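A.B. asks: Generate coordinates for the sequence data below:
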Amino acid sequence: MKINIYKISIFVFVIQALFTVILLNNGYMKSYSFLQPVHAELLELIFGFIIILLNLVAVVVVKSLYMKGLEDEKLKSTEIKYANQIEQNRIYRQHHHDLKNHLTVIHGLLSLEKYTELSEYLDSYIHSINDVLLKVDTGVDEMDILFTSEIQEAKHKNIEVNLVLKTKIKCSKRHVLDLVGILGNLFNNAIEAVQELDLSSRKISIIFYQDPLEYTFQFINPMSATNANSDRLFVKEGFSTKGEDRGQGLAIVSKLVERLDGSINIDTANHQFRIMVEIPKHNLEEG
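C.D. replies: Numbering: from 1, shown residues only. All right, here's what the predicted structure looks like:
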């Protein structure tokens, strides 16, 4: 039978509190010689021993809760990796399946001696291979998987992504989920913002860099003239220029950044949405 550490912890702390109250109450009544048992000293000794024992058990329970929390964080991180690896495997299988069709077309163009068309087709095919074999190296495995998947999704929607990594990120396992939540929401918001624009305007720029004190993550994408709202509205929970129930992303980002003692700066000048997240390096790197 699986042990529920949370129920055990509640039970231990309730019993510990109960015995402590009984012991204190008995000590208070003892000063007035009220309702005292025949062997009061022995009873106090037993209660005191039980409380000490419960304190020792509480230490073990707290340690178990801490380990359980670490396991839960590791499980969430593993789930992220697994989900994105499934997506990558799907992309590779699709590419493998299409290879025979591409070779058939190439052979046909060679047979017909249409070398110009063959050259254009090969250029397009090589470009598609490069997209599939895209390698992202941010310094954090979970972020690499996330960005690889998001970039593939953007390309499927004819969105051009320019990723500039001027530094590698150092992030403790304790803060990986928060960082993935921040950057994942920012990337999703950028994709949703540009996918309704003209094809020529579907561009997202992402820049990572650092200074001696902070990591900076910057996302830039075009926005329509109708979305020229106050910068502060974008991080307000529920606000959205994309429709009902789709305005939670930046509010979530704001809360996660605040948890890491970071800051958010938004600029919407010249119909460009620029959001810059700055997080102190020591807050990310220290576990």
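A.B. asks: Kindly provide the distance from residue 274 to residue 254.
C.D. replies: The gap separating residue 274 from residue 254 is 16 Å, by Cβ to Cβ, to the nearest Å. (C-beta placed from N, C-alpha, C; glycine too.)
A.B. asks: Ignore what I typed, I meant residue 169.
C.D. replies: Distance of residue 169 to residue 254, given as Cβ to Cβ: 20 Å.
A.B. asks: quick one: residue 265 is in a strand?
C.D. replies: Yes: according to DSSP: H, G, I helix; E, B strand; the rest coil, residue 265 belongs to a strand.
A.B. asks: ok, for it, nearest residue in space, not its chain neighbours?
C.D. replies: residue 276 (4.6 Å; Cβ to Cβ, 6 or more residues apart in numbering).
A.B. asks: where does the one you found land on pLDDT?
C.D. replies: Listed pLDDT for residue 276 reads 95.
A.B. asks: Test of understanding: give the bridge partners of it.
C.D. replies: residue 218, residue 265 (DSSP bridges).
A.B. asks: now do the same end-to-end measure for stretch 256-272.
C.D. replies: Its start and end residues considered, stretch 256-272 measures 24 Å (Cα to Cα, to the nearest Å).
A.B. asks: Looking at it now, give me its mean pLDDT.
C.D. replies: 90.
A.B. asks: Which parts of it count as buried, going by neighbours?
C.D. replies: Neighbour-count burial for stretch 256-272 flags 256, 257, 260, 262, 264, 266, 268 (criterion: 16 or more other Cβ atoms under 10 Å).
A.B. asks: now, which of these lie within helices?
C.D. replies: Members of the buried residues of stretch 256-272 lying in helices (criterion: DSSP state H): 256, 257.
A.B. asks: And the furthest pair within the buried residues of stretch 256-272?
C.D. replies: Spatial extent of the buried residues of stretch 256-272 (Cβ to Cβ) is set by the pair 260 and 268 at 24.2 Å.
A.B. asks: tally of neighbours for residue 144?
C.D. replies: 16 (other Cβ atoms under 10 Å).
A.B. asks: circling back to that earlier point, generate TSV for the buried residues of stretch 256-272, with distance to residue 181 as supplementary columns.
C.D. replies: Listed next are the buried residues of stretch 256-272 as TSV, based on distance: Cβ to Cβ, whole Å:
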residue	distance to residue 181
256	5
257	10
260	11
262	13
264	14
266	18
268	23
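A.B. asks: The closest residue to residue 252 other than its chain neighbours: neighbour count?
C.D. replies: Leaving aside its sequence neighbours, residue 252 sits nearest to residue 185 (Cβ to Cβ, 6+ apart; 5.5 Å). The number of residues packed near residue 185 is 18, by other Cβ under 10 Å.
A.B. asks: For the stretch 51-200 of the chain, which segments are assigned as strands?
C.D. replies: For the stretch 51-200 of the chain, the strands defined by DSSP state E, counting those that start in this stretch occupy 160-165.
A.B. asks: what about it, any weak spots by pLDDT?
C.D. replies: For the stretch 51-200 of the chain, the stretches with pLDDT under 70 are 73, 76-77, 80-81, 83-85, 87-88, 91-92, 94-97, 128-134.
A.B. asks: can we see that at 80?
C.D. replies: 51-100, 125-135 (pLDDT under 80).
A.B. asks: Return stretch 167-176 as CSV; C-alpha atoms alone will do.
C.D. replies: Written as CSV, here are the backbone C-alpha positions of stretch 167-176 (Å, rounded to 0.1, in the frame of the first residue of the first chain):
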residue,chain,number,x,y,z
THR,A,167,25.4,33.8,-23.7
LYS,A,168,24.6,30.4,-22.2
ILE,A,169,22.3,30.4,-19.2
LYS,A,170,23.2,28.8,-15.9
CYS,A,171,20.1,27.8,-14.0
SER,A,172,19.7,25.6,-10.9
LYS,A,173,17.2,22.7,-11.1
ARG,A,174,15.1,24.5,-8.5
HIS,A,175,14.3,27.4,-10.9
VAL,A,176,14.2,25.6,-14.3
